[in-house]
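# whatever this is, show me its structure:
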Amino acid sequence: MSNTKVLPLLEPGTAEAVAPCCPPLTERPLSAEEAERTAAMFKALGDPVRLRLFSLVASHEGGEACVCDISDVGVSQPTVSHHLRKLKEAGLLASERRGTWVYYRVEPSVVAAMAQMLKIA
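You can find the predicted model right below:
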């Protein structure tokens, strides 16, 4: 039995593309559901190894990185896989298997929504 969850695709450039998180903090208080969803994303980025992996993917040429290019972060390969899985579960990364390698890319709509939420001014 799989615990894989299918998520709907968001079209870039649509209003829905910036909806996965929540409104700016100065707009209104977060609902309990919004707070849980947002906390999961920030919790995933709260680990130094995960933040580094996220940064490596985000800054990689072409906007995506093969796991073979980002696995040198000072921890074992199984630990890298664990952290990448946590980033995916939080909705921050997407992945695609190509042959024997997995390529990761940042989910731009989620990151845009997080940035919009933190926009104070």
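
# which stretches of this protein have low pLDDT?
Along the chain, segments meeting pLDDT under 70 span 1-22, 120-121.

# pick out the residue closest to the middle of it.
Residue closest to the average C-alpha location in the chain (CA atoms, centre = their mean): Leu92, at 0.7 Å.

# surely that residue touches Ala44?
Yes. Leu92 is in contact with Ala44 according to CB atoms under 8 Å; the separation is 6.0 Å. Every residue, glycine included, has its C-beta placed from N, CA and C.

# helix or strand right after the helix or strand containing Val49?
Using DSSP states H and E, Val49 falls within helix 48-59. Remark: after helix 48-59, the chain's next helix or strand is strand 64-66, criterion DSSP H and E.

# next SSE after that next one?
Following strand 64-66 toward the C-terminus (DSSP H and E): helix 67-70.

# which residues touch that next one?
The contact list for helix 67-70 (CB atoms under 8 Å, 6 or more residues apart in numbering) reads 53, 56-57, 60, 80-81, 84, 101-104.

# the residues you listed: which two are farthest apart?
His60 and Ser81 (17.4 Å; CB to CB).

# ok, back up a step: turn the contacts of helix 67-70 into a markdown table, columns for distance to Val111.
Shown next, in a markdown table, are these (distance: CB to CB, whole Å):
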| residue | distance to Val111 |
| --- | --- |
| Leu53 | 14 |
| Leu56 | 15 |
| Val57 | 11 |
| His60 | 14 |
| Val80 | 21 |
| Ser81 | 22 |
| Leu84 | 16 |
| Trp101 | 23 |
| Val102 | 20 |
| Tyr103 | 17 |
| Tyr104 | 13 |
